[in-house]
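Student: Predicted model and sequence follow; I will ask about them next.
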Amino acid sequence: MAGSVRGVHLAGWGAYAPSLVLTNADLEKMVETSDEWIFSRTGIRERRIAGPDETTASMAAVAGLRAIAVAGLQPDDIDLILVGTLTPDYPMPSTAALVKDAIGNKRAAAMDLAAACSGFVFGYATGQAYIGSGMANHVLVIGAETLSRATDFTDRGTCLLFGDGAGAVVLSASDEPGGTLGIEMTTEPSGAYFIWLPAGGAARPASDQTLKAREHYMKMKGSETFKMAVRTLGSTSLRALEKAGLDRADVDLVIPHQANIRIIEALGKALDFPMEKIFVNVDRYGNTSAASVPLALAEAVGSGRVKKGDRLLLVAFGAGLTSGAIALEWTADPAASARADAIGPGDVKVLPGYLDPVNPFPPALEWLLERSEQGSPK
Ligand SMILES: CC(C)(COP(=O)(O)OP(=O)(O)OC[C@H]1O[C@@H](n2cnc3c(N)ncnc32)[C@H](O)[C@@H]1OP(=O)(O)O)[C@@H](O)C(=O)NCCC(=O)NCCS
């Protein structure tokens with residue numbers, strides 16, 4: 001890629017989704033809505049919810065370990081850990097620092113990246129810069145979110161959209177042809193307050209007043225976000241392809257941010273990508289913000305949708321409003337996906353010193369736990 005001294009390849013991929021499932025029928029019992037309305041406006045049927053013993057760091061660690069195994073590496077081979085998230089376990093320490101401990105890495109630098117739903121793509125671009133300039137050989141880039149803990153389950157305009165999960169990739173230096181071909185990133189602060197989480201930061205620290213006003217939950221101007229998303233996803237994609245020297249017809253598979261099926265379809269229409277060339281799993285996970293693109297990528301590769309030599313376009317948008325796109329040529333063996341199967345939550349170190357001793361599970365969803373204990377996941 002232009003500007004890189006060395007080539008950068010996507011060498012490993014992995015994902016983790018918690019087992020609790022919140023369906024549209026469940027939401028019908030919580031707010032004034034219907035499965036028909038939600039599905040027709042968003043394409044979402046269900047989303048995953050992190051359990052009481054899961055956090056952004058714990059889910060990120062499982063996805064990260066899976067990506068490292070798929071790459072055929074050991075945790076200590078990683079030089080830099082980047083976690084894109086808008087729901088870090090704490091403002092400090094970084095979630096990436098907790099992940100480093102949880103995966104048993106002794107030598108990496110670790111930091112979080114705040115670019116909302118574009119956090120993974122911005123993290124990929126950062127990893128690209130570190131490897132391309134020679135500052136790192138292997139970078140673990142993770143997108144992970146526990147959005148259920150920042151969702152107002154009394155607000156029907158937002159609570160149907162979001163879910164929890166994590167996805168990760170390993171980027172590695174290699175002089176083979178292929179790998180990353182072009183990257184574009186944009187930030188348009190004119191849309192900064194279209195999606196935002198008003199309280200808990202320096203501008204509005206936590207107080208009785210912010211709690212009463214429910215300002216610790218995500219707020220969104222839905223239709224303004226929708227329009228800007230369609231526009232920026234299209235322009236960012238085209239710029240990344242241009243930088244990669246590719247035409248739209250050269251793209252074998254688009255992996256877009258899974259926010260809403262209508263946004264994905266509008267992107268396909270605007271850029272002339274038939275839906276067969278666009279990977280969609282929003283129906284099963286909803287919008288998992290920074291986790292969305294790497295979770296979709298791991299599923300796409302694991303289900304045989306990607307083969308060596310394919311040209312992929314990864315594209316995201318999110319609060320900020322941020323947008324980022326990556327054009328790359330796939331060089332890894334998709335069959336390596338199977339190496340992730342051996343790794344589960346039991347393989348990451350439990351972090352008793354860091355985990356909040358107070359049960360962080362959203363009170364509005366406590367019945368979901370009872371249902372899962374009764375052995376009925378849906
Ligand atoms: C949120 C979103 C699904 C709403 O769809 P929309 O078509 O814009 O719907 P509107 O907000 O205009 O609402 C249309 C009507 O449905 C109603 N409505 C809103 N939420 C509803 C719900 N959950 N169930 C039933 N009706 C609902 C509204 O009150 C409105 O009724 P009215 O016409 O009588 O006033 C859509 O705007 C969206 O997906 N935006 C992008 C969000 C996004 O991707 N955010 C993350 C970015 S990373």
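Tutor: Yep, that arrived.
Student: Look up phi and psi at Ile38.
Tutor: phi -60, psi -50 (degrees, to the nearest 10).
Student: ok, it touching Thr158?
Tutor: No: look at Ile38 against Thr158 with Cβ atoms under 8 Å: they stay out of range, at 11.9 Å. C-beta: built from backbone N, CA, C; applies to glycine.
Student: Get me the contact residues on the stretch 201-350 of the chain for the ligand.
Tutor: Proximity of the stretch 201-350 of the chain to the ligand, by Cβ under 6 Å from any ligand atom, involves residues 220, 222-223, 225-226, 229, 259-260, 263, 287, 318.
Student: can you map out the helices along the protein?
Tutor: 24-28, 35-42, 56-70, 95-103, 119-132, 208-212, 222-244, 261-271, 282-285, 292-302, 366-373 (DSSP state H).
Student: Single out the most deeply packed of these.
Tutor: helix 56-70 (a mean of 30; mean count of other Cβ atoms under 10 Å).
Student: Packing partners of that one?
Tutor: strand 8-16, strand 80-84, helix 95-103, strand 138-146, strand 164-173, helix 292-302 (3 or more Cβ pairs under 8 Å, 6 or more residues apart in numbering; DSSP states H and E).
Student: Which residue does the stretch 151-300 of the chain have closest to the ligand?
Tutor: Residue nearest to the ligand within the stretch 151-300 of the chain: Gly222 (2.8 Å; Cβ to the nearest ligand atom).
Student: Just give the closest residue to that residue, not the sequence neighbours.
Tutor: Nearest residue to Gly222 in three dimensions, chain neighbours excluded: Gly157, at 5.9 Å (Cβ to Cβ, 6 or more residues apart in numbering).
Student: Which phi and psi values does that neighbour adopt?
Tutor: Dihedral angles for Gly157 - degrees, to the nearest 10 - are phi -80, psi -20.
Student: who's in contact with Ala197?
Tutor: Heads up, residue 197 is Leu, not Ala. Shown in contact with Leu197 (Cβ atoms under 8 Å, 6 or more residues apart in numbering): 86, 150, 216-219.
Student: of those residues, closest to Gly245?
Tutor: Lowest distance from Gly245 to those (Cβ to Cβ) belongs to Leu86, with 33.2 Å.
Student: if I look at that closest one, how far off is Asn287?
Tutor: 11 Å (Cβ to Cβ, to the nearest Å).
Student: Identify the contacts common to these two.
Tutor: 117, 147.
Student: so Val139 bridges to which residues?
Tutor: Here Val139 sits in beta bridges with Leu80, Leu171, as judged by DSSP bridges.
Student: wait, I meant Glu329
Tutor: Gly179, Arg311.
Student: That one is in contact with Lys307, isn't it?
Tutor: No: in this structure, Glu329 is not within contact of Lys307 by Cβ under 8 Å, at 11.3 Å.
Student: the more surrounded of these two?
Tutor: Glu329 (21 against 12; other Cβ atoms under 10 Å).
Student: residue contacts, that one?
Tutor: Taking Cβ under 8 Å, 6+ apart, one finds 177-179, 181, 309-312 in contact with Glu329.
Student: Most neighbours among these, please name it.
Tutor: Greatest neighbour count in the contacts of Glu329, by other Cβ under 10 Å, goes to Gly179: 25 neighbours.
Student: Give me the distance between Ser34 and the ligand.
Tutor: 6 Å (Cβ to the nearest ligand atom, to the nearest Å).
Student: what's that residue in contact with, if anything?
Tutor: 24, 28.
Student: Would you report the backbone torsion angles of it?
Tutor: Dihedral angles (degrees, to the nearest 10) for Ser34: phi -150, psi 150.
Student: Kindly provide the distance from it to Phe162.
Tutor: Going from Ser34 to Phe162 by Cβ to Cβ gives 18 Å.
Student: Could you do Asp101 as well?
Tutor: Counting by Cβ to Cβ, the gap from Asp101 to Phe162 is 27 Å.
Student: Closest to Asn105 out of the contacts of Glu329?
Tutor: Closest to Asn105, out of all of the contacts of Glu329 and judged by Cβ to Cβ, is Gly179, at 23.3 Å.
Student: correct me, but Leu73 touches Val139?
Tutor: No: under the criterion of Cβ under 8 Å, Leu73 makes no contact with Val139, lying 11.3 Å away.
Student: Which one's more surrounded, those two?
Tutor: Ranked by neighbour count (other Cβ under 10 Å), Leu73 and Val139 place Val139 first, with 27 against 17.
Student: Can you give me the pLDDT of that one?
Tutor: Val139 is assigned a pLDDT of 98 by the prediction.
Student: and the residue lying closest to Met220 once chain neighbours are set aside, how many neighbours?
Tutor: Of all residues not flanking Met220 in the chain, Ile195 sits nearest, at 4.6 Å (Cβ to Cβ, 6+ apart). Residues lying near Ile195 (other Cβ under 10 Å) number 23.
Student: Hmm, Ile195 is touching Ala116, no?
Tutor: Yes: contact criterion Cβ under 8 Å: Ile195 and Ala116 qualify, at 7.1 Å.
Student: so who does Lys277 touch?
Tutor: 251-254, 268.
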